[in-house]
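Colleague: structure for the following, please:
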Amino acid sequence: MATTHSQDEAASFDDVEKASSHLSDPKPEADAPATDFIVSFTGDDDPRSPKSMSTARKWLITIIVSTTSLCVACTSSLYVGTYNQLEKEFHSSEVVVTLGLSLFVVGLGISPMLLAPLSEFYGRKPVYIGSLFFFVVFIIPSAVAQNLATIIVTRFLDGFAGAAFLSVAGGTVSDLFPKAKLAFPMMIYTLSPFLGPQLGPLVADFINYNTSWRWTFWVALIWAFVQWAAIILLVPETYMPVLLRREAIKTRKETGDDRWYAPIEKMDRSIAQTVLRSCYRPFLLLTLEPMCLCLCLYCSVLLGVLYLFFGAFGLVFRENHGFKLWQVGLTFLGITVGMILGSASNPFWNKNYMRLLKKHEEEHGEKGGSEPEYRLPPAIGGSPLVVIGLLWFGWTTYASVHWIVPIIGSAFFGAGVIMIFSGVFTFLVDAYPLYGASALAANSFARSMFAAAFPLFGPAMYNNLGYQWATFLLAMLTLVMAPFPYIFYRYGKEIRKRSKYAGSR
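Modeller: Have a look, this model is predicted:
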């Protein structure tokens, strides 16, 4: 659920990247043209550049932003462990209690469009500090709440605050590492927001089995506060346009020459214009671009099923196998292991991408030429795994079948989900080179809305249709959408030629 705006920042300040490779120490000359007064870095080894940091410090920063993303994502699903206690204490139905999960995810989907663009003006660190501060603050009312309405409202506000971090943090990782070394740290970061929702029930069910539901929020509060402190103390500003603006201000003071400037200071966009663009363009892509709409819809259904499982797993393993609450949390390890294994296949897909790239260059004589469709094979490979995993899980949810069997099936589902997301995300960025962030924001918004809706009807569907047929229905839904990655792999180039937003080569 993360990294939606880092690509847009890179596109917005492409002139900064171009300028950052040639300037030495500033020494103004009276007759120098205005372009000679652009402040920039001499290259990746410039001590002022974040890419010049030591490897140890880069990895420390990567670990901090990754674990903070894990914390925010985990907090979304920690709440599911409190359902039984909240229903009894506040005499509420399961659907009403589930609103606390759904509205948190709604906040995750809406916030990046409004708050993430602020990083283009103020940098990444102020967004981190501000959003995480309110993320910590809004956990407190949930922990001390005397009614369910307080929890539901503050859960929405908490998701809204935390999502700003998720949408920006991927950019920090890309700030630190050159492209040749970016794949592994970015894989670590990208995996954390998807592992978080699986970690939540595991932790929360253990807490709520042994103590009061309030400790679920106190634990989240402690973890979030530690991450906030680590961000303040150990994570520097890494956003190049903002760093260059600081250098320009410093240079003007030192030289007394006001002609020195950073590219960001010549921007002709206001904050309001940037936020407005961030809000409307994702919906234009969803409305006018069939590739973006279909792939976003596919990802949305997958994340919706994932969040639906938070309620379904409890029903299946408590009713069929007599699991205690803390044991139900452990059943999510199947999806977690599947996601890790799916991520581990990344080198194979990268090798396949390079093979397609080389073949394209040989056929067209383009050095460095490529097609966005070459990014889709992981999604093509993950699609059948999702269907197989759901069918496996669904038709083994009988009390007579050992509990490990459906958990193994869920691992196939988890592996397929992470592979599909990986392929779709990279495809959207490549297919919409000028609007990559908007395409990812559209995907994030659609996913969040589905993830918010599915848990509300999931338990009723499982109770009315039965565990097997309810899961079979979900499997058929994913089967209908499974051909999308392959269709766009085969015909995407032709579709892009008729698109006003997608890039065509």
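
Colleague: let me see the ranges of the strands in the stretch 151-300 of the chain.
Modeller: For the stretch 151-300 of the chain, no strands are identified by DSSP state E, counting those that start in this stretch.

Colleague: surely F225 touches F135?
Modeller: No. Using C-beta atoms under 8 Å as the test, F225 is too far from F135 to be in contact (9.6 Å). Quick note: C-beta positions are derived from backbone N, CA and C, even for glycine.

Colleague: okay, these two: which has more neighbours?
Modeller: More crowded of F225 and F135, by other C-beta atoms under 10 Å: F135, with 28 against 16.

Colleague: any idea of the pLDDT on the more buried one?
Modeller: According to the prediction, F135 has pLDDT 96.

Colleague: now name the helix or strand holding it.
Modeller: helix 124-137 (DSSP states H and E).

Colleague: list the buried residues in whatever helix or strand comes next after that helix.
Modeller: Next along the chain after helix 124-137, taking DSSP H and E as the criterion, comes helix 139-144. Buried residues in helix 139-144, defined by neighbour count with 16 or more other C-beta atoms under 10 Å: I139, P141, S142, A143.

Colleague: next up, the contacts around the spatially closest residue to the first one that is not a sequence neighbour.
Modeller: Counting by C-beta to C-beta, 6 or more residues apart in numbering, L221 is the residue found nearest to I139 once chain neighbours are left out, at 4.5 Å. When the contact criterion is C-beta atoms under 8 Å, 6 or more residues apart in numbering, the partners of L221 are V136, I139, I140, A143.

Colleague: skip the chain neighbours and tell me the closest residue to the third one.
Modeller: When you say that, I think you mean I140. Nearest residue to I140, sequence neighbours excluded (C-beta to C-beta, 6+ apart): L221, at 6.6 Å.

Colleague: now swap in the first one and tell me
Modeller: Across the structure, with C-beta to C-beta, 6+ apart as the measure, the residue nearest V136 apart from its sequence neighbours is A224 (4.9 Å).

Colleague: what is the burial count for the one you found?
Modeller: 24.

Colleague: ok, which stretches of the stretch 201-350 of the chain are helices?
Modeller: With DSSP state H, counting those that start in this stretch, the ranges of helices along the stretch 201-350 of the chain come out as 214-234, 240-255, 271-288, 290-321, 325-330, 333-344, 346-364.

Colleague: now distance to T75 and mean pLDDT too, for these, in JSON lines please.
Modeller: Output for the helices of the stretch 201-350 of the chain, formatted as JSON lines (distance: least, C-beta to C-beta, whole Å; pLDDT from 0 to 100):
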{"stretch": "helix 214-234", "distance to T75": "5", "mean pLDDT": "96"}
{"stretch": "helix 240-255", "distance to T75": "28", "mean pLDDT": "83"}
{"stretch": "helix 271-288", "distance to T75": "24", "mean pLDDT": "85"}
{"stretch": "helix 290-321", "distance to T75": "13", "mean pLDDT": "92"}
{"stretch": "helix 325-330", "distance to T75": "15", "mean pLDDT": "91"}
{"stretch": "helix 333-344", "distance to T75": "17", "mean pLDDT": "93"}
{"stretch": "helix 346-364", "distance to T75": "27", "mean pLDDT": "86"}
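
Colleague: can you tell me which of the ones you listed is nearest to E494?
Modeller: Each of those has some distance to E494 by C-beta to C-beta; the shortest is helix 290-321, at 11.0 Å.

Colleague: tell me the domain ranges of this structure?
Modeller: 1-268, 281-489 (automatic domain parsing).

Colleague: pipe the ones you listed into a markdown table and attach distance to Y501 per row.
Modeller: Shown next, in a markdown table, are these (distance: least, C-beta to C-beta, whole Å):
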| stretch | distance to Y501 |
| --- | --- |
| domain 1-268 | 13 |
| domain 281-489 | 6 |
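
Colleague: lowest average pLDDT across those domains?
Modeller: Mean pLDDT across the domains of the chain is lowest at domain 1-268; the value there is a mean of 82.

Colleague: roughly how far is whichever strand or helix holds S111 from the heart of the chain?
Modeller: Secondary structure assignment for S111, by DSSP H and E: helix 94-115. Here the centre of helix 94-115 is set off from its chain's centre by 15 Å, with C-alpha atoms, centre = their mean, to the nearest Å.

Colleague: on contacts alone, who are the packing partners of the very next helix or strand once past that helix?
Modeller: Using DSSP H and E, the helix or strand that follows helix 94-115 towards the C-terminus is helix 119-122. The criterion is 3 or more C-beta pairs under 8 Å, 6 or more residues apart in numbering; DSSP states H and E, and the helices and strands that helix 119-122 contacts are helix 6-12, helix 271-288.
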